[in-house]
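Student: Provided below are the primary sequence and the corresponding predicted coordinates.
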Amino acid sequence: MSELHPRPGPPLWLLCELTYRCPLHCVFCYNPVDFSRTGAELTTADWLRVLAEARALGAVQLGLSGGEPLVRDDVEIIVAAAHDLGFYINLITSGVGLNEERLQALKRAGLDHIQLSFQDSTRQMNDFLSSTRTFELKSKVAALIKKYEYPMVLNVVLHRLNIDHVGEILAMAKTMEADYVELANTQYYGWAFKNREQLLPSRAQLARAEEVTQRFRAENGEGMRVFFVVPDYFERRPKACMNGLGSLFLTIAPDGCALPCQAARMLPGLDFPNVRVASIKSIWYDSPAFNHFRGDAWMKEPCRSCPEKSKDFGGCRCQAYLLTGDAANADPVCDLSPHHHLVTEAVARAERPFVSEKPLVFRDHR
Amino acid sequence: MTTIAASAKPAIGRGLRLQWEPAQNAHVLLYPEGMIKLNGSAGEIMKRCDGVRTVSEITADLERSFATTGLGDDVAAFIDLALQKKWLEVCS
């Protein structure tokens, strides 16, 4: 067993998805498309237990996410407990539900950082893509984040419908005095996978966006750090997803389901343990679901004999499953994968002039 | 070769946090959604950068603590690098 599944280090990164509920309806959301069928949310006491157990194992970076975490009214309690335990606490929010009173309370509780999402640089597009009227509210929240002296990280998920606005998005971030900007190209899971045809940009769009980003960096120096996350569909080698499942990252879903990545719930045949009945220690070190993709015994060819397997771990298990139907296959982003054509065909389809054959599916209860 | 003044008072950069992590047996520098695990000497230097002590005081304290001499250049070089990476800032 120990050879098959090497014992990992501690789960240094803990992501608590406090709820799948969200006032927004983003077309690129990676939450499960059947999120409304998930069981009851963990209680405050459950979350506090999760934090204490994970911290005891060595977890130190904490993400509070969702859904929209601020839908819950106990975020302040959770933050205070996490701060006392010594976590560095990142709140990942749309800004909806964050008023000055709450921000003050979160600051007092010891919140370290807020990552605020925008959908686009204009009210019209932001509001269209999230199917809400939230642009002005988000702008107010951005000002509050500065007022309370938080490092401000703006996150904008890029795709075909907004990637041509990268220049405007960066200008907006500069006006808001953001410290970091993440231009994160859409990853195709959940709702985003459902909308892939409409969201995947063309190569020319991507090249222009990278060029605009480079120019902005050259003109504006290091004051604002800009990260441009390339969409992996355009690569020839897969991303080292999660640094290998079960090596660093532990996600707890709203219902207490423990996952090696926030999308892993879709992987069939794995019985993901629940924190209501199992300790974080037993989940991380002993559960079959977490051990399954550790090491390389699970790999098939071409990964198994590939010299790069220790570098990219065969890529993303969820992407392999979504595209090929088998989570143990090579991530088809890799051009050594016999399924690579599934990716290149999707990219080729994105070269066609945009014709809206299918309507966008906005994230919603179903 | 270094640029930091001996009288400068470096401090941990805004929005960053330095702490000792027993599970990693190391000092780590925490920042939005990221973490740097520091090696032993980097950790010893960083934990003395409190915005009160000067670079020469930090060097003297390290030399005392580790019963050695001649750390000045290494300390200054590391502090230069850390300033460049914004792990540290100099309070004025």
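Tutor: All right, it came through fine. Values in this document were obtained by computation on a predicted structure and should not be read as measured data.
Student: check contacts around residue 20.
Tutor: Just going to use chain A. Each residue near A:Tyr20 by CB atoms under 8 Å, 6 or more residues apart in numbering or on different chains is listed here: A:Asn31, A:Pro32, A:Phe35, A:Ser36, A:Thr38, A:Gly66, A:Gly67, A:Ala253, A:Pro254. To be clear about C-beta, it is placed using only N, CA and C from the backbone, and glycine gets the same treatment.
Student: I was after chain B.
Tutor: Listed by CB under 8 Å, 6+ apart, the contact set of B:Trp20 reads B:Ala26, B:His27, B:Val28, B:Gly43.
Student: go again using 7 Å as the cut-off
Tutor: For B:Trp20, the contacting residues are B:His27, by CB atoms under 7 Å, 6 or more residues apart in numbering or on different chains.
Student: returning to what we had before: tell me the one of the contacts of A:Tyr20 nearest chain B?
Tutor: Closest approach between the contacts of A:Tyr20 and chain B, by CB to the nearest CB: A:Gly66, at 15.9 Å.
Student: The closest one contacts A:Thr19, correct?
Tutor: Yes. Using CB atoms under 7 Å, A:Gly66 is in contact with A:Thr19, at 5.0 Å.
Student: circling back to that earlier point, let me have the contacts of A:Tyr20 in JSON lines, adding pLDDT, neighbour count and distance to A:Ala346 as columns.
Tutor: What follows is the contacts of A:Tyr20, written out as JSON lines (pLDDT from 0 to 100; neighbours: other CB atoms under 10 Å in any protein chain shown; distance: CB to CB, whole Å):
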{"residue": "A:Asn31", "pLDDT": "80", "neighbour count": "25", "distance to A:Ala346": "21"}
{"residue": "A:Pro32", "pLDDT": "80", "neighbour count": "18", "distance to A:Ala346": "21"}
{"residue": "A:Phe35", "pLDDT": "79", "neighbour count": "25", "distance to A:Ala346": "24"}
{"residue": "A:Ser36", "pLDDT": "78", "neighbour count": "12", "distance to A:Ala346": "28"}
{"residue": "A:Thr38", "pLDDT": "83", "neighbour count": "18", "distance to A:Ala346": "28"}
{"residue": "A:Gly66", "pLDDT": "89", "neighbour count": "22", "distance to A:Ala346": "28"}
{"residue": "A:Gly67", "pLDDT": "90", "neighbour count": "22", "distance to A:Ala346": "28"}
{"residue": "A:Ala253", "pLDDT": "96", "neighbour count": "27", "distance to A:Ala346": "28"}
{"residue": "A:Pro254", "pLDDT": "96", "neighbour count": "22", "distance to A:Ala346": "30"}
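Student: Can you flag which of those belong to helices?
Tutor: The members of the contacts of A:Tyr20 all map outside helices under DSSP state H.
Student: where along chain B do the strands fall?
Tutor: In chain B, the segments counted as strands under DSSP state E are B:10-12, B:17-21, B:26-31, B:34-37, B:88-90.
Student: The last one pairs with which strands?
Tutor: Going back to what we said before, that points to strand B:88-90. Each strand that pairs with strand B:88-90, with its direction, by DSSP bridges: strand B:10-12 (antiparallel).
Student: contacts for the strand it pairs with?
Tutor: With CB under 7 Å, 6+ apart as the test, strand B:10-12 has contacts from B:Leu18, B:Cys49, B:Asp50, B:Gly51, B:Val55, B:Ile79, B:Leu88, B:Glu89, B:Val90, B:Cys91.
Student: tell me the contacts of the residue of the stretch 101-250 of chain A found nearest chain B?
Tutor: Going by CB to the nearest CB, chain B is nearest to A:Pro151 of the stretch 101-250 of chain A, at 3.6 Å. With contact taken as CB under 7 Å, 6+ apart, A:Pro151 is in contact with A:His113, A:Asp179, B:Gly15, B:Pro32.
Student: With adjacent residues omitted, what lies nearest to it?
Tutor: Closest residue in space to A:Pro151, ignoring its immediate chain neighbours: B:Gly15 at 3.6 Å, by CB to CB, 6 or more residues apart in numbering or on different chains.
Student: Just give me the neighbour total for that neighbour.
Tutor: By the criterion of other CB atoms under 10 Å in any protein chain shown, B:Gly15 has 18 neighbours.
Student: A:Glu219 too?
Tutor: A:Glu219: 8 surrounding residues under other CB under 10 Å.
Student: Now it: phi and psi?
Tutor: The phi/psi pair for A:Glu219 (degrees, to the nearest 10) reads phi -80, psi -30.
Student: Report the buried residues of stretch A:326-346.
Tutor: Residues A:327-334, A:337, A:339-340, A:342-343, A:346 are the ones in stretch A:326-346 that count as buried (16 or more other CB atoms under 10 Å in any protein chain shown).
Student: Can you show me the CA trace of that stretch as PDB?
Tutor: What follows is stretch A:326-346, C-alpha atoms only, in PDB (Å, rounded to 0.1, in the frame of the first residue of the first chain):
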ATOM      1  CA  ASP A 326     -12.000   7.800 -18.000                       C
ATOM      2  CA  ALA A 327     -10.400   9.800 -15.200                       C
ATOM      3  CA  ALA A 328      -7.200   7.700 -15.400                       C
ATOM      4  CA  ASN A 329      -6.500   8.700 -19.000                       C
ATOM      5  CA  ALA A 330      -4.000  11.400 -19.900                       C
ATOM      6  CA  ASP A 331      -5.400  14.800 -19.800                       C
ATOM      7  CA  PRO A 332      -6.300  15.300 -23.500                       C
ATOM      8  CA  VAL A 333      -4.600  18.700 -23.400                       C
ATOM      9  CA  CYS A 334      -1.400  16.800 -23.800                       C
ATOM     10  CA  ASP A 335      -0.500  16.300 -27.400                       C
ATOM     11  CA  LEU A 336       0.800  12.800 -26.500                       C
ATOM     12  CA  SER A 337      -2.700  11.800 -25.500                       C
ATOM     13  CA  PRO A 338      -4.600   9.700 -28.100                       C
ATOM     14  CA  HIS A 339      -7.600  11.900 -27.200                       C
ATOM     15  CA  HIS A 340      -5.800  15.200 -27.900                       C
ATOM     16  CA  HIS A 341      -8.000  15.700 -31.000                       C
ATOM     17  CA  LEU A 342     -10.900  16.400 -28.700                       C
ATOM     18  CA  VAL A 343      -9.200  19.500 -27.500                       C
ATOM     19  CA  THR A 344      -7.900  20.600 -30.900                       C
ATOM     20  CA  GLU A 345     -11.300  20.100 -32.400                       C
ATOM     21  CA  ALA A 346     -12.900  22.400 -29.800                       C
END
